[in-house]
Structures are given as C-alpha cells and as structure tokens.
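Visitor: Just to be clear, the model below is a prediction. Sequence and coordinates:
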Amino acid sequence: MKVSEAMTAQVATAGPADSVQKVAGIMLSIETGAVPIVEDDKVVGLITDRDIVLQVVAKGGALTTPASDVMSGDVQTCKEDDNLADAAAQMAHHQIRRLVVANDAGKLVGILSLGDIAVDYGAKVVGKTLEEISTDNDA
C-alpha cells in the first residue's frame, strides 16, 4: 500500500510569522494537533499543540509569539508514492507520530499519522510502530 492511499490530503497550513494563537485556532477549526508551517510552497516546520503548551503556555509566553519561534524545524518527510510500511518504519526510527508527505517537487501534499496507518494498514503495524516510538533509546 502506498502512502497516498492512507494519508490525509486536506491539510491546513500556517506561515512562519503567524501567531501561535492563529495556529491554535487552525488546530481547533479542523480538529488536528499539528499544523505544517509553509513558506514559498515549502514546509519549513511543524507546530504541534504540545509545542504551544510547552514552549508558550507553560513559560507564560505571549499568544502573539510567531510560529517560527515554536515550530520544530527538523521535519521528517516521505513521498506520496512511498510504501506505507517504509513510512511506518521511518516514524519508528525517528520516534515521531506524523510525517509530512511531499511530492517529487517538495510541495506539501498531505500528512501521514499513526491514526491514518491504523485505519488503512492495521493495528498490528501501529502497535509495533508505537512501541518503537515509545522506546527509550538512551537507556
């Protein structure tokens, strides 16, 4: 099965200068926990609800803080025609729950989450991937 068959293709994005409050509003409106940050049609970061809580709310920061100050800049990606099992292995290796999906030109075409894999690929793969994500590699 290919990534394109399981990914979420309708993805809302924000820009690096958008406030974390705007990003949180996007999350609320589409019921997601992650928003890609896009500049010039390229993904430059990813901001999660957890990023907002830990880096802004917990530190008493301003809701006007730009997304670029909070986002993760090292975004793991895969291609829409990649094998779903390979994408799941990539998630496990990097201990992440989402991959940004790009086309050959590097343009955002979707997001692949563990939930997407669970629905379309099976709980067994998700369980194994989640187990590997949760493993403490520093021990």
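Guide: That came in fine, so what should we check first?
Visitor: Ile26 - that's part of a strand, no?
Guide: No. With DSSP: H, G, I helix; E, B strand; the rest coil as the criterion, Ile26 is assigned helix and is not in a strand.
Visitor: Pull the contacting residues for the residue positioned nearest the centre of the chain.
Guide: When CA atoms, centre = their mean is applied to the chain, the residue found nearest the centroid is Arg98 (4.2 Å). Under the criterion of CB atoms under 8 Å, 6 or more residues apart in numbering, the neighbours of Arg98 are Ala34, Leu46, Met91, Ile111, Leu112, Ser113, Leu114. All C-beta atoms are positioned from the backbone trio N, CA, C, and that covers glycine.
Visitor: same question, Gln55
Guide: Gly61, Asp69, Val70.
Visitor: Could you rerun that using 10 Å?
Guide: The contact partners of Gln55, taken as CB atoms under 10 Å, 6 or more residues apart in numbering, are Val20, Ile47, Gly61, Thr65, Asp69, Val70, Met71.
Visitor: Of those residues, just the buried ones, ChimeraX syntax please.
Guide: For the buried members of the contacts of Gln55, the matching ChimeraX selection, counting by 16 or more other CB atoms under 10 Å, is:
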select :20,47,65,70,71
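Visitor: Distance to Ile26, pLDDT and secondary structure for the contacts of Gln55 - can I get that in a markdown table?
Guide: Shown next, in a markdown table, are these (distance: CB to CB, whole Å; pLDDT from 0 to 100; DSSP: H, G, I helix; E, B strand; the rest coil):
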| residue | distance to Ile26 | pLDDT | secondary structure |
| --- | --- | --- | --- |
| Val20 | 10 | 97 | helix |
| Ile47 | 10 | 96 | strand |
| Gly61 | 18 | 95 | coil |
| Thr65 | 15 | 97 | coil |
| Asp69 | 17 | 96 | helix |
| Val70 | 14 | 96 | coil |
| Met71 | 13 | 96 | coil |
